[in-house]
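Asks: curious how this folds, go ahead:
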Amino acid sequence: MTSAVLEEALKKAALAWIAVGDGQPLALWVMPLDGTLLVVTGPGEQFAPGLAEATRATVRLRGDNGGLIVITEAAVTRLAPGSEEWAEVTPQLAAKRLNASGTADETADRWAASGCAVVRLTPVETKPPVAAPDLPTDSGAAEPRETPARVETRRPFRLHRVKRR
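Replies: Predicted coordinates for the structure are as follows:
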């Protein structure tokens, strides 16, 4: 680790905004483990397109006040089901998974059977993390997508006049 801010943010992370390539950052549930972040994605789990196949990702972490405090580049490593690392990590990850049906071992077995990807994100030491005061000043919010829910509709018909107070 090159930054104390990054180390502390990694220890306390429960949610991270992760972007693959030039894609939009997605808020994903993560579990910190030994200076890295673990993410599970796939059928029946959180949606993170391209993360399992990627080699690098951009990770944004928040501080105690909920605001962005550090942005770092991370190496992406997919854990292979049945490997020693999979057997060590997935029970811990499954135990932290909220609202999972079954025990931690059953959840880990379901991840392996359904093709879910368990990914380890390790901060890259060659590229220093971006922290205050170098953080972006814009909000980072994406423009709302076009949807029928945003189309203005007619006002409801009123038979009698409604008095305003």
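Asks: for residue 131, what are its contacts?
Replies: Counting by CB atoms under 8 Å, 6 or more residues apart in numbering, residue 131 makes contact with 3, 5, 6, 69, 70, 71. Every C-beta, even on glycine, is put in place using the N, C-alpha and C of the backbone.
Asks: shouldn't the last one be in contact with residue 128?
Replies: No - taking CB atoms under 8 Å as the contact criterion, residue 71 and residue 128 are not neighbours in contact, 10.5 Å apart.
Asks: how about the contacts made by the most centrally placed residue in the chain?
Replies: Taking CA atoms, centre = their mean, the centroid of the chain lies closest to residue 28, which sits 1.9 Å from it. With contact taken as CB under 8 Å, 6+ apart, residue 28 is in contact with 15, 16, 17, 18, 39, 41, 46, 48.
Asks: kindly report the same for residue 49.
Replies: 20, 23.
Asks: how far away is it from residue 41?
Replies: Shown here: residue 49 relative to residue 41, a distance of 9 Å by CB to CB, to the nearest Å.
Asks: do residue 17 as well
Replies: Separation of residue 17 from residue 41 (CB to CB): 14 Å.
Asks: now the helix-or-strand element of the chain with minimal mean pLDDT, how far from the chain's geometric center?
Replies: The helix or strand of the chain with the lowest confidence, counting by mean pLDDT, DSSP states H and E, is strand 130-131 at a mean of 74. Chain-centre distance of strand 130-131: 18 Å, with CA atoms, centre = their mean, to the nearest Å.
Asks: ok, now stretch 101-111?
Replies: Its chain's C-alpha centre and that of stretch 101-111 lie 21 Å apart, by CA atoms, centre = their mean.
Asks: what comes up buried for that stretch?
Replies: 104, 107, 108, 110, 111 (16 or more other CB atoms under 10 Å).
Asks: of those residues, which belong to helices?
Replies: Among the buried residues of stretch 101-111, the ones falling in helices (DSSP state H) are 104, 107, 108, 110, 111.
Asks: show the contacting residues for the fourth one.
Replies: Listed by CB under 8 Å, 6+ apart, the contact partners of residue 110 are 44, 102, 116.
Asks: also residue 20?
Replies: Counting by CB under 8 Å, 6+ apart, residue 20 has contacts 48, 49, 50, 51, 54, 57, 58.
Asks: from residue 80, how far out is the second one?
Replies: With the distance defined as CB to CB, residue 49 ends up 20 Å from residue 80.
Asks: how about the third one?
Replies: Counting by CB to CB, the gap from residue 50 to residue 80 is 19 Å.
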